[in-house]
Structure formats: C-alpha cells, structure tokens
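Enquirer: Got a sequence here, can you model it:
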Amino acid sequence: MPERPAVAVAVRTQAWLGEGPTWDSARQRLVWVDILNSRVHTFDPSDGASTVMSTEQHVGAAKPRAGGGLVVNLRDGIGLYGPDGAFSWLHREVVPGRRGNDAAVAPDGALWAGTMTYGEQAGGGDLKRVTGDGAAVTVLPEVTVSNGIGWSPDGSLMYYNDTPTRRIDVFDVPAEPGAAGSDVSGRRAFAEIEEGAGYPDGLTVDADGCVWVALWDGGAVRRYTPDGRLDLTVEVPVPRPTACAFGGPDLRDLYVTTASAGANPAANPLAGSLLVLPGAGQGLPQPAFEG
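Expert: The predicted model follows:
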C-alpha cells in the first residue's frame, strides 16, 4: 500500500459548494469555483495570492481557454470570459430547474459539460460535448448528477461519474473519433463505492493512469489503479470533499475542493476550504479549451 500523503490547507475559506479545481498551466495558478455562490476563485501557490470573480449565474465549472480567459458551465449554458473579462455566450440552452455542473476539457480541446436539476431529479440532467464554435452534441441523456470526467494518459478511455449510482464508469474512446467527436462506447463499471463510504464526485487521472476520486459524504479521496483496484485512501478533515486535480509547477500536488453545505462549522471548521496533498503523485497536463 503506498504511503499516504499529508493534508494541508491551501486556502482557508467557507465555500458553500467548492468544486472543479483545474491547473492553469499558462498562468501557473489553480482555478476553482463555488457553484451556488456564483464565484470563480484562483490560487497562486507561489505566493499564496487568491482572487475571486463573481458570475451572474450559478457556475458549475471554469476552465482555461487556449487564447486566454475562461470557459464556464453556467445555469443556462456555456459562456466565455475573454482575457479582458468580457463575457459572451457560446452555447445557451435554458431549461427551467436545471444548472451546469462539473465539466472537463478533452485531449482534443472540446469541453464535456454536465448538468443536473436543482432537486437532483433522476434523469434530469445530461452530458454534452461542446466545441469552440459552440456546436453541442448530447453524449449522455438522462443523467442525475453529472460529475467526474477524465481521460486515460493515452486518451483511449474516458471515466465518468453519475454520482447517485455510486459507480465510476469507463468508456472506450475510438482512435479515430467521428465528426461529432462524441462516439464513446462500451460503458461499464470501473469501480463501485460501497454503501456508507460516500458518493463519487469529481475525479482526475494521473500520469500512471490511476483514477483519483473525491467522496462526497465520505470524508476521503481515493485512488484506483488502472485495473479498478483500490490502492489508496486519504482521509480529509471535512465530510464533503467534492473534486481533486493535480497542480503546482511540476503537477505533483493534489488540490481538493470541499463544501461547507450541510456541515456543522463548529465541528468542521475547514469545510469549504481548498485543501492540498503535497507530493501526492504525478499529474497530467490539462488541455485548454479550444474556443
């Protein structure tokens, strides 16, 4: 069993629903969101500096763009912030009672963006692939809580969580995808989270092909080997870790977002903070959105 990395606090705060950490390699900073407080945060580990930007809608994810700025998964669709902070819609789709949730940028630069209903209605969300020109294709309809998207180091596999299923699923990605770029296939269970251990939320894949996943209501981050075997559990000092991503100049530090929603602040003073596991492993460079 590998040695368990220590857990430290990167940013002490009380995000209501901290989510979606992503390392912005161009600017050497971590980008993450507080979904229901409509905020995009950044953190620079070199000097500890943090910034906060408010969005006009609930923001499920924010990812760096190739030309600068951010792509955001909002309540009513996919938006763009330019390097100067100017906002525009890329793909707008208003569905009452639904909002954007987790998202990830694929190796080809497309954004895979999930949705869910505010009431977590079964089958009320979906997963779309959105390209830089705003074209959107629904890959998975009838999702409940779309979460945790990541790709294997060679791009041949895609991992995905629909959180209430308690499963991490895996898909095959064709070597030469079709024109839509969304023809993943062969969905199957990669790992199952046992009852009482929490629910799989955000995930990331490391350079060895291992899958790291944050367990909502499980107070832990787990690592699974490429064959689906659990080989590491790291307990964190909050009940609701939400997602994880490697960052830092050498991509060796695992950042973990957390939620203060539903947590007793007296018993869980770090709930909502951004945590870090220094030297946890070796991450993969994350592509920027092509748009």
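Enquirer: T22 against W32, yeah?
Expert: Yes: the pair T22 / W32 is scored as a contact, 7.2 Å apart, by C-beta atoms under 8 Å. Where C-beta positions appear, they are placed from N, C-alpha and C, glycine not excepted.
Enquirer: Overlap in contacts, those two.
Expert: Common neighbours of T22 and W32, using C-beta atoms under 8 Å, 6 or more residues apart in numbering, are A62.
Enquirer: Where does the prediction get shaky in the stretch 151-291 of the chain?
Expert: 176-182 (pLDDT under 70).
Enquirer: where exactly do the strands run in it?
Expert: Applying DSSP state E, counting those that start in this stretch to the stretch 151-291 of the chain gives strands spanning 157-162, 167-172, 185-192, 199-205, 211-216, 220-224, 230-235, 241-247, 253-258, 274-277.
Enquirer: Let's have those in TSV, adding distance to E56 and mean neighbour count.
Expert: Conversion of the strands of the stretch 151-291 of the chain to TSV gives the following (distance: least, C-beta to C-beta, whole Å; neighbours: other C-beta atoms under 10 Å):
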stretch	distance to E56	mean neighbour count
strand 157-162	28	24
strand 167-172	33	19
strand 185-192	35	13
strand 199-205	24	26
strand 211-216	27	27
strand 220-224	32	23
strand 230-235	36	16
strand 241-247	22	28
strand 253-258	22	28
strand 274-277	23	24
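Enquirer: Dump the ones you listed into CSV; add distance to D108 as well.
Expert: Output for these, formatted as CSV (distance: least, C-beta to C-beta, whole Å):
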stretch, distance to D108
strand 157-162, 12
strand 167-172, 15
strand 185-192, 17
strand 199-205, 16
strand 211-216, 20
strand 220-224, 25
strand 230-235, 30
strand 241-247, 19
strand 253-258, 25
strand 274-277, 29
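Enquirer: Nearest to D126, out of those strands?
Expert: Proximity to D126 (C-beta to C-beta) singles out strand 157-162 among the strands of the stretch 151-291 of the chain, at 10.4 Å.
Enquirer: Direction included, what does that closest one pair up with?
Expert: Strand 157-162 has its sheet partners listed here by DSSP bridges as strand 146-151 (antiparallel), strand 167-172 (antiparallel).
Enquirer: ok, residues contacting the first one?
Expert: The contact list for strand 146-151 (C-beta under 8 Å, 6+ apart) reads 101-104, 106-107, 112, 114-116, 125-127, 140, 157-163, 168, 173, 200-205, 211, 213, 243.
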